[in-house]
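Colleague: Quick check, what structure comes out for this input:
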Amino acid sequence: MKNSHSYLVPTTIKLKKELAALVCNMDSCWSKLLVEKELGNHAPSIWQIKLAAEEVEVNKMNKTFQFKNAKFSFDVNLEEPHETGMNYITTLLVSGEGSFVYDKEIEELKILDLVLDEC
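Modeller: Okay, here's the model as predicted:
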């Protein structure tokens, strides 16, 4: 039998960790940010996002969150052809906000919307 506590919303610390991981995996939002950078033929082939849970603030009542200092690193190809050109890694600091829902039945956290801003 499951403990009745397992159906509660996660602790704030756990919620921050889960939200940080979900934010890092929202590929559609991060790729949109890359498109907005208008890199043209220098389009990145790899990217990585790091967001510490400590950088996430959660409002459980409104089911919203904000974060700052997400490190968005990506490569930029400087020469043609792409396979042999020179690449360099750049890192942007990104902040953002969004809303979430916690499905108690399946114990799953989901981000409903996410807006990113360059710091």
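Colleague: roughly how far out does the top strand by length along the chain sit from the chain middle?
Modeller: With DSSP state E setting the assignment, residue counts place strand 87-103 as the longest strand in the chain. For strand 87-103, the distance between its averaged C-alpha position and the chain's averaged C-alpha position is 4 Å (Cα atoms, centre = their mean, to the nearest Å).
Colleague: ok, now stretch 11-22?
Modeller: The chain centroid and the centroid of stretch 11-22 are separated by 12 Å under Cα atoms, centre = their mean.
Colleague: quick one: Lys68 and Ser95 touch, right?
Modeller: Yes: using Cβ atoms under 8 Å, Lys68 is in contact with Ser95, at 4.3 Å. Using the backbone N, CA and C atoms, a C-beta is placed for each residue, glycine as well.
Colleague: coming back round to it: now for the longest strand of the chain, which elements pack on it?
Modeller: Applying 3 or more Cβ pairs under 8 Å, 6 or more residues apart in numbering; DSSP states H and E, one finds that strand 87-103 contacts helix 12-24, strand 64-77, strand 108-118.
Colleague: again, only this time at 10 Å
Modeller: Applying 3 or more Cβ pairs under 10 Å, 6 or more residues apart in numbering; DSSP states H and E, one finds that strand 87-103 makes contact with helix 12-24, helix 27-36, strand 47-50, strand 56-59, strand 64-77, strand 108-118.
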